[in-house]
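Peer 1: Coordinates only, no sequence provided:
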């Protein structure tokens, strides 16, 4: 299975991750979920590997701009999945699928351990 990096091109964290992968000569496919979206099935598969809470970026601008009512609705995997599908910018980035591994965010130590 090829490595797939999900994210948004203009996100600084995604840029760091892509640069790290390129610097380490690691091949990947990039999926821009701002342009291509992300399916319910894909988010479900991520939730099967990691807790749904780890997929939502509650520190980001997108989350902070959501109304408290919308934020409160994201209180279980189904409602979080719906929020992520409808508003992909709320997904913590990047999400990297590499075989059975699912990496969320950018962490050089984790990347070195799991990708090299």
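Peer 2: Yep, that arrived. Being a predicted model, the structure only gives us computed values, none of them experimental.
Peer 1: ok, which stretches of the protein are helices?
Peer 2: With DSSP state H as the criterion, the chain has helices at 12-23, 33-36, 40-49, 61-65, 68-73, 77-86, 108-115.
Peer 1: got a list of contacts for the longest one?
Peer 2: This points to helix 12-23. Outside helix 12-23, the residues that touch it by CB atoms under 8 Å, 6 or more residues apart in numbering are 3, 5, 7-9, 28, 30, 93-94, 96, 105-106, 108, 111, 115. C-beta coordinates here come from the backbone N, C-alpha and C atoms, glycine included.
Peer 1: ok, and for it, which residues are buried?
Peer 2: Within helix 12-23, the residues scored as buried using 16 or more other CB atoms under 10 Å are 13-14, 17-18, 20-21.
Peer 1: cool, the fourth one as well?
Peer 2: Of all the residues in helix 61-65, those buried under the rule 16+ other CB under 10 Å are residue 63.
Peer 1: which residues touch that helix?
Peer 2: Contact with helix 61-65 is made by 56-57, 71, 87, 89-90, as judged by CB under 8 Å, 6+ apart.
Peer 1: again, only using 6 Å
Peer 2: Applying CB atoms under 6 Å, 6 or more residues apart in numbering, the external contacts of helix 61-65 come out as 89-90.
Peer 1: Let me see the mean pLDDT of that helix.
Peer 2: Computed over helix 61-65, the mean pLDDT rounds to 94.
Peer 1: That helix: how far from the chain's middle?
Peer 2: Taking CA atoms, centre = their mean, to the nearest Å, the mean C-alpha location of helix 61-65 is offset from the chain mean by 16 Å.
Peer 1: How about the last one?
Peer 2: Here helix 108-115 is found 16 Å from its chain centre; the criterion is CA atoms, centre = their mean.
Peer 1: Equivalent analysis for the second one, please.
Peer 2: Taking CA atoms, centre = their mean, one finds helix 33-36 lying 12 Å from the centre of the chain it belongs to.
Peer 1: which residues are contacting it?
Peer 2: With contact meaning CB under 6 Å, 6+ apart, helix 33-36 is reached by 6, 8, 88.
Peer 1: at 10 Å what do you get?
Peer 2: Contacts with helix 33-36, where a contact means CB atoms under 10 Å, 6 or more residues apart in numbering, come from 6-11, 30, 39, 42-43, 84-85, 88-89, 91, 93-95.
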